[in-house]
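Chemist: Just a sequence and a predicted model for now, questions to come.
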Amino acid sequence: MSTQPLLHRYRSFLDLPSHTQIVTLSEGNTPLIPMPRLAEQLGGKFELYVKYEGLNPTGSFKDRGMTAAISEAVGRGAKTVICASTGNTAASAAAYAARAGLRAVVLIPQGKVAAGKLAGAVAYGAQVIQIEGSFDDALHLVVEICQRHPIALVNSLNPYRLEGQKTAAFEICDALGEAPDWLCLPVGNAGNITSYWMGFRQYDQVNQSGLPHVLGVQASGAAPLVLGHAVDHPETVATAIRIGRPARGEQALQAAEESGGRIIAVSDEQILAMQKTLACEGVWVEPASAAGLAGFASEVAAGRIQPKGKRIVAICTGHGLKDPDIVVKSMPAPQLLAVDLATLEEAILTP
Ligand code: F0G
């Protein structure tokens, strides 16, 4: 395992300005977990891996881009950073800003941010502002603020976020020795899919590592890239990707097309079912993180992807602990017993 900061490890592949001063929390280097039993369940005879990005320092893939964005911002003397967020970017920006001694301001859609994300942003000391509107409204506002004030924008409109996020593609090629046949991932504001495609192409040019087909997956209630138009009131249980106007939508569509892949939508039911399936394999992810694999499963079931003999990587973008309520709400209250051995025996041994 490398102990080098991510930005050092892949420095020659990252377009970062010379003033960059690395701010790191030892992000990246996440595991690629083999999922043989799940592959079997989905039809078998192929290799399936989950890249578990929920194991980054703040519990999501955002830390890869945030180390880059904050490192650049610090180097150019920024004192305050800002972002709009469905939660994970907020927590990540707050953590890296804290690490760098910067002030962080985060704008979130009212009532639609999962508890673990909001708590993170607060714990890391950000100024958290709720907007009576959607993520898209919040993003619009922060862009305007940054045009008026010397505040650094750390949403994925910031090109350095993409530079950092490319590193996940490099890690996958390094771990497998080449690119997988298919890469499946959730799509919200579309920065991540854009970064992966940039990363795979760049690595292929230097290392001949090959290119995957990219399957981007949106939630059906928030699927502007599938519908071909903006969605004014996006709705999904996967609040991380509850986005109606993806900032990098065009690039996402281009990545899907150039790679011979596509962008599809899955229902909330499919997302939650895959979240449960993954948890039964010991990998608990937040709902949005299950969308990529849910999309892959539905393409396989419909015969639109024939996975036999192929290598598939699904990106699980955030940890299940980010959104505990979604599980807690749907579960029965845990059994409550008296402190009594016989009662316990009966509870365990009676089917
Ligand atoms: N998965 C998770 C867990 C996310 O938090 C996000 C985005 C995505 C997938 C989609 O990635 O936006 O690059 O297409 N979350 C952003 C946020 C919007 O504010 O935390 P994307």
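Modeler: Yep, that arrived.

Chemist: gap between the lowest-mean-pLDDT helix or strand in the chain and the chain center?
Modeler: Least confident element among the helices and strands of the chain, by mean pLDDT, DSSP states H and E: helix 325-330 (a mean of 87). Chain-centre distance of helix 325-330: 20 Å, with C-alpha atoms, centre = their mean, to the nearest Å.

Chemist: ok, then the element right after that helix?
Modeler: Downstream of helix 325-330, the next assigned helix or strand under DSSP states H and E is helix 341-349.

Chemist: which other helices and strands contact that next one?
Modeler: Using 3 or more C-beta pairs under 8 Å, 6 or more residues apart in numbering; DSSP states H and E as the contact test, no helix or strand touches helix 341-349. Yep, even glycine has a C-beta here, placed from its N, CA and C like the rest.

Chemist: so how far is that helix from its chain's centroid?
Modeler: On C-alpha atoms, centre = their mean, the centre of helix 341-349 falls 42 Å from the chain's centre.

Chemist: Please spell out which residues along the least confident helix or strand of the chain are buried.
Modeler: Ile326, Val327 (16 or more other C-beta atoms under 10 Å).

Chemist: next one: stretch 55-68
Modeler: Buried residues in stretch 55-68, counted by 16+ other C-beta under 10 Å: 55-68.

Chemist: touching the ligand at all, that stretch?
Modeler: Yes - using C-beta under 6 Å from any ligand atom, stretch 55-68 comes into contact with the ligand via Ser60, Lys62.

Chemist: Figure out how far that stretch is from the centre of its chain.
Modeler: How far stretch 55-68 lies from its chain's middle: 9 Å, per C-alpha atoms, centre = their mean.

Chemist: Put the alpha carbons of that stretch into PDB.
Modeler: Output of stretch 55-68 as PDB, limited to C-alpha atoms (Å, rounded to 0.1, in the frame of the first residue of the first chain):
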ATOM      1  CA  LEU A  55     -13.700   4.100   2.300                       C
ATOM      2  CA  ASN A  56     -12.200   7.500   1.600                       C
ATOM      3  CA  PRO A  57     -11.500   9.700   4.600                       C
ATOM      4  CA  THR A  58     -14.900  11.500   4.600                       C
ATOM      5  CA  GLY A  59     -16.800   8.500   3.300                       C
ATOM      6  CA  SER A  60     -17.100   9.300  -0.400                       C
ATOM      7  CA  PHE A  61     -15.200   9.600  -3.600                       C
ATOM      8  CA  LYS A  62     -15.400  13.400  -3.400                       C
ATOM      9  CA  ASP A  63     -12.100  13.400  -1.400                       C
ATOM     10  CA  ARG A  64     -10.100  12.600  -4.500                       C
ATOM     11  CA  GLY A  65     -11.200  15.800  -6.300                       C
ATOM     12  CA  MET A  66     -11.300  17.800  -3.100                       C
ATOM     13  CA  THR A  67      -7.600  17.200  -2.200                       C
ATOM     14  CA  ALA A  68      -6.800  18.700  -5.700                       C
END
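
Chemist: Report the mean per-residue pLDDT for it.
Modeler: The average of the pLDDT scores along stretch 55-68 is 98.

Chemist: For the stretch 201-350 of the chain, which residues are neighbours of the ligand?
Modeler: Within the stretch 201-350 of the chain, the positions adjacent to the ligand are Ala240, Ile241, Glu286, Ala288, Ser289, Thr317, Gly318 by C-beta under 6 Å from any ligand atom.

Chemist: From those, pick the one nearest Leu341.
Modeler: Checking those against Leu341 by C-beta to C-beta gives Glu286 as the nearest, at 38.4 Å.

Chemist: so that closest one touches Asp325, yeah?
Modeler: No - with contact defined as C-beta atoms under 8 Å, Glu286 does not reach Asp325; the gap is 10.6 Å.

Chemist: which neighbours do these two share?
Modeler: Common neighbours of Glu286 and Asp325 are listed as Ala114 (criterion: C-beta atoms under 8 Å, 6 or more residues apart in numbering).

Chemist: Out of the buried residues of stretch 55-68, which sit inside helices?
Modeler: Counting by DSSP state H, the part of the buried residues of stretch 55-68 found in helices is Lys62, Asp63, Arg64, Gly65, Met66, Thr67, Ala68.

Chemist: Looking at those, which is nearest the ligand?
Modeler: Comparing those against the ligand with C-beta to the nearest ligand atom places Lys62 closest, at 5.9 Å.

Chemist: any idea what sits nearest the closest one, other than its immediate chain neighbours?
Modeler: Distances taken as C-beta to C-beta, 6 or more residues apart in numbering place Ser92 nearest to Lys62, at 3.8 Å, with adjacent residues excluded.
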